[in-house]
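>>> Here you go, sequence then predicted model.
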2 protein chains.
Amino acid sequence: MTENDKLTEEKIFEAATDVFVDKGMDGARMQDIAIHAGINKALLHYYYRTKDQLFNAVFEMIAGKVLKKFAPVFEDNLSLEEKIRFFFKEHIKFLQENPKLPAFVLNEINRNPARIKKLLKNVHFETLWQKLYEQHKSELGKYNITEDALPQLMVSIAALSVFPFAARGLIEGILDKVGVDFNDYIEQRKEFAAEFVIRAIRK
Amino acid sequence: MTENDKLTEEKIFEAATDVFVDKGMDGARMQDIAIHAGINKALLHYYYRTKDQLFNAVFEMIAGKVLKKFAPVFEDNLSLEEKIRFFFKEHIKFLQENPKLPAFVLNEINRNPARIKKLLKNVHFETLWQKLYEQHKSELGKYNITEDALPQLMVSIAALSVFPFAARGLIEGILDKVGVDFNDYIEQRKEFAAEFVIRAIRK
DNA sequence: GTCTATAGAAGGATAGAC
DNA sequence: GTCTATCCTTCTATAGAC
């Protein structure tokens, strides 16, 4: 019973995840989710009263997972350059395994910016960035980094990693025309992006 | 008559542009477009038989406009560094005036990748990139640029300019928490991104 | 060319049997 | 907990008057 509940609820949640990520909130159909889960519409509404509730559950899980992947940046066990290389390697690897998540999350956030407030409620960026600054204070002599340019640098790093996936349709279209495979391109990118940033910030 | 046709068709097209950019294909409603245009639904279908046709007209116009903004990169009247500075200044200025276009175009391309084929049909990247390489051949001694890394470099430049707008909801949410205004941030970005790239490619 | 009215289909949600 | 049947609203699209 509770065992079975769990199974059905999980099946629904996974099916909903697939469909919402693929089609977005507006394009997704409850009927489609039901089919993917191997059940009927009525049962969806039994577990999650409305489409909105189901979407919110899925979105929060995914957005949380995506944002969490930036956390290692703020952990202190590597030099700045090591950290940058580690970040691109691991973050792009995560996106290779979940290539559709960036477009999904960014799109749904833009459609409903209020969502982001809730997600960031317990994240304190002032503290985080100060922490980051402290961590690498001693090596900063080698770099061109001012504290007030930190947001620019962080967004740039995120951009270099995330953009190729968020703009995949476009980039894949362009790469096709010059005979480059998207997956190869992404594999290359781990190192390219890291070296790019390191050269950009080095004095 | 033909004069009036033009007016109505233009009103419809502009209203459709606003609504589609705001809500996306799936979220947009013909009724909503009709209201924005100051007419009724039936008239929409008189000018554009279906929602799909109306959307395609709008999408092609916007995507064309957006992609065209990358063209100056391939024109030959500036040194490489001047070109990079010029690009970020002008491109980000364009995005400041049309902040919602990146998210719209990227999202719709991802939802229907076939669209991109049609748009890129007449663009020959091999030729364009070779041209670019020729243009700056003489100054390449100063830079770390290999021909096969050109796609990586180009995507990186696009990413640095476009990503803040494509991810606006998220970035604005973060900047809010550290007391930075999005518009100020973007204004700063023109110079930051240019210097970032130039340092990254300089030997 | 523009309108009102409505057809026809699709989608979210619920009732009720098992 | 799960299903079938169905309600009700919303949306695209068309018919037909002016």
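Arrived safely, thanks for sending.

>>> neighbours of A:A159, just the number please.
A:A159: 24 surrounding residues under other C-beta atoms under 10 Å in any protein chain shown. To be clear about C-beta, it is placed using only N, CA and C from the backbone, and glycine gets the same treatment.

>>> helix or strand for it, which one?
helix A:150-166 (DSSP states H and E).

>>> Let me see the mean pLDDT of that helix.
Helix A:150-166 shows a mean pLDDT of 97 in the predicted model.

>>> mind exporting it as PDB, just the C-alpha atoms?
The C-alpha coordinates for helix A:150-166 follow below in PDB (Å, rounded to 0.1, in the frame of the first residue of the first chain):
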ATOM      1  CA  LEU A 150      33.000  39.500  -9.100                       C
ATOM      2  CA  PRO A 151      29.400  39.300 -10.300                       C
ATOM      3  CA  GLN A 152      30.600  39.900 -13.900                       C
ATOM      4  CA  LEU A 153      33.200  37.200 -13.500                       C
ATOM      5  CA  MET A 154      30.800  34.600 -12.000                       C
ATOM      6  CA  VAL A 155      28.200  35.200 -14.700                       C
ATOM      7  CA  SER A 156      30.800  34.900 -17.400                       C
ATOM      8  CA  ILE A 157      31.900  31.500 -16.000                       C
ATOM      9  CA  ALA A 158      28.300  30.300 -15.800                       C
ATOM     10  CA  ALA A 159      27.700  31.600 -19.300                       C
ATOM     11  CA  LEU A 160      30.700  29.800 -20.900                       C
ATOM     12  CA  SER A 161      29.400  26.500 -19.400                       C
ATOM     13  CA  VAL A 162      25.700  26.800 -19.700                       C
ATOM     14  CA  PHE A 163      25.200  28.800 -22.900                       C
ATOM     15  CA  PRO A 164      26.100  26.000 -25.400                       C
ATOM     16  CA  PHE A 165      23.400  23.900 -23.800                       C
ATOM     17  CA  ALA A 166      20.800  26.600 -23.500                       C
END
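
>>> how big is the angle separating that helix from helix B:150-166?
Relative orientation of helix A:150-166 and helix B:150-166, computed by axes from the mean of the first three to the mean of the last three C-alpha atoms, to 10 degrees: 110 degrees.

>>> Might you report the residue contacts of the most centrally placed residue in chain A?
What sits nearest the mean C-alpha location of chain A, by C-alpha atoms, centre = their mean, is A:V66, with 3.4 Å. With contact set as C-beta atoms under 8 Å, 6 or more residues apart in numbering or on different chains, A:V66 has these partners: A:101-102, A:105.

>>> Can you confirm whether the helix holding A:A159 lies near chain B?
Yes: for helix A:150-166 and chain B, the contact criterion (C-beta under 8 Å from any C-beta of the partner chain) is met by A:151-152, A:155-156, A:158-160, A:162-164, A:166.

>>> quick check, the following helix or strand past that helix touching chain B?
Using DSSP H and E, the helix or strand that follows helix A:150-166 in sequence is helix A:168-177. Yes: counting by C-beta under 8 Å from any C-beta, chain B is contacted by helix A:168-177 at A:168-175, A:177.

>>> Buried by neighbour count, from the residues you listed: which ones?
Among these, those buried by neighbour count (16 or more other C-beta atoms under 10 Å in any protein chain shown) are A:168-175.
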